[in-house]
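Trainee: this one's structure only:
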C-alpha cells in the first residue's frame, strides 16, 4: 500500500488479508472478493482486509504467490491488480485505522 520512499527502498507497508471474518465488522475492515481466487493455500474467494493491522516489512520477507510452473519449469506468478474502487475502499479503511479519517 505504500509508495517507494527515499531512504526506505527495502521497506513497504502492507495490510493483511484474512479468511476469518471479524467478530464485529468495523470501518477499518473491508470485505474483498477475489475473482479468480488467489492460488492455494489462499484460495478462498472472500478475504477480509484488516487495516487495523497495517505493518512495515522488508521486501525480503515477502514471497510472491505462484500457481504452478510453465513448460520450461519457470514459476507462473500471480500478479494481481485491484480495481480503483477496491483501492479507494482499502485506503479509507487505513485512514480510519490510523485516526486520519475526515
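Mentor: That came through, no problem. Note that the structure is predicted; figures quoted are calculated from it, not measured.
Trainee: mind listing what the lowest-mean-pLDDT helix or strand in the chain pairs with, with the direction of each?
Mentor: Taking mean pLDDT, DSSP states H and E as the measure, strand 66-69 is the helix or strand of the chain with the lowest mean score, a mean of 87. Paired with strand 66-69 in the same sheet, following DSSP bridges, are strand 75-77 (antiparallel).
Trainee: what does the partner strand rub up against?
Mentor: Where contact means C-beta atoms under 8 Å, 6 or more residues apart in numbering, the residues beyond strand 75-77 that reach it are 64-70. (Each C-beta comes from the backbone N, C-alpha and C, glycine too.)
Trainee: likewise stretch 92-102?
Mentor: Contacts with stretch 92-102, where a contact means C-beta under 8 Å, 6+ apart, come from 1, 15, 26-30, 49, 51-52, 54.
Trainee: and the helices in this structure?
Mentor: 84-97 (DSSP state H).
Trainee: all strands in it, in order from the N-terminus.
Mentor: Assigned by DSSP state E, the strands in the chain fall at 11-14, 17-18, 29-33, 46-50, 55-58, 66-69, 75-77.
Trainee: need the ones you listed in a markdown table (columns: mean neighbour count and distance to residue 96).
Mentor: As requested, the strands of the chain are exported to a markdown table (neighbours: other C-beta atoms under 10 Å; distance: least, C-beta to C-beta, whole Å):
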| stretch | mean neighbour count | distance to residue 96 |
| --- | --- | --- |
| strand 11-14 | 15 | 15 |
| strand 17-18 | 14 | 17 |
| strand 29-33 | 15 | 9 |
| strand 46-50 | 18 | 12 |
| strand 55-58 | 10 | 17 |
| strand 66-69 | 11 | 33 |
| strand 75-77 | 11 | 31 |
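Trainee: least confident of these, on average?
Mentor: Set side by side, those differ in mean pLDDT, and strand 66-69 is lowest with a mean of 87.
Trainee: what's the closest of the strands of the chain to residue 89?
Mentor: Ranking the strands of the chain by proximity to residue 89 (C-beta to C-beta) places strand 29-33 first, at 5.2 Å.
Trainee: now do that closest one against strand 46-50, angle only.
Mentor: With axes from the mean of the first three to the mean of the last three C-alpha atoms, to 10 degrees applied, the angle from strand 29-33 to strand 46-50 works out at 150 degrees.
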